[in-house]
Every structure is written in structure tokens, then in C-alpha cells.
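S.K.: Sequence and predicted structure below; questions after.
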Amino acid sequence: MKKFMKEFCKRGFMFAAGGPIITAIVWFCLQAAGKISTLTVNEVVIAIISTSLMAFVAAGISVINQTENVPKAFAALIQASVLYVDYLGFYLLNGWIPVSKIWIFTLIFVAVFVITWLIIILSVKAKVDKMNRLLGEK
């Protein structure tokens, strides 16, 4: 657990600086959609701090796949759960999605998470298969 927390914090701090970039991208999209035109100082401060925390947690939880001795499916379930609560909580806090649209967010989140993991699994499998073929030829 000590190694997990150390790696969690290390990765978290590396990516927390991306919070303001995430905030700028979200605001740009909201402004382009006509959802916002001006921001208050409080909105800016809350958004920058919350997206930095969101990036910290999102980067930190990725370490569960490398440091903890749990089945991969269980690690993915933990990662998905933490990311879902992390993203949804901060999106609601910042008013980026209304409560009535949580179901849409959930569908998109699950689809993107599953597709991302399928791509990772298939690419790793292809590399392992290639290495096994190369080893078999020697």
C-alpha cells in the first residue's frame, strides 16, 4: 500500500499541472456551444483547483494496474469507479453538466473506458504474439 500511495502521489503531482489546460479546453467548448460568455473570479478559481485535483486523481489511480496485486479486471473496475466519481463530481461542481444529463455522461464514460481498454488489451496482445513468434523462430 505504501508503494501504491507513493506512485499515486508521484503521478498525480506530475499531471495536476494539466488542470488549467483541461479547464481552458472545457471553457472553450462551452463558449463555442454558447453555454458561457463570461466567468467570475470564483468560477475561475474553483475550476482551476478542481481540474487540477481531478487530473491528480485520474493520473494517480492509473498506478493500480502496476503496483497492486489484484486481478486485472478488478483493477480496471476500481479504476473505472474512481475515474467516474472523480470526473462526474468535478463536472457537477463546476456546473459543466446538468444533473438531468448524468445518464448521457455515464453512457459516454462507459463507452470510452471500454474502448480504451480494448485498444490497450489488443495492442499488448499483438505485441506479445509478435514477440512469441520471434522467439519461436530462433
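M.R.: Alright, I've got the coordinates.
S.K.: Domain parsing of the chain, as residue ranges.
M.R.: 2-97, 99-138 (automatic domain parsing).
S.K.: Where is the longest helix in the protein?
M.R.: Under DSSP state H, the helix in the chain containing the largest number of residues is helix 102-137.
S.K.: hmm, back to that, least confident of the domains of the chain, on average?
M.R.: Ranked by mean pLDDT, those bottom out at domain 2-97, with a mean of 84.
S.K.: Do me a favour and get the end-to-end distance for it?
M.R.: Using C-alpha to C-alpha, to the nearest Å, one end of domain 2-97 lies 36 Å from the other.
S.K.: and it, how far from the chain's centre?
M.R.: 6 Å (C-alpha atoms, centre = their mean, to the nearest Å).
S.K.: How is the closest residue to F56 other than its chain neighbours assigned, secondary-structure-wise?
M.R.: Once flanking residues are discounted, F56 sits nearest to G12: 3.7 Å by C-beta to C-beta, 6 or more residues apart in numbering. C-beta: built from backbone N, CA, C; applies to glycine. Three-state assignment for G12 (DSSP: H, G, I helix; E, B strand; the rest coil): helix.
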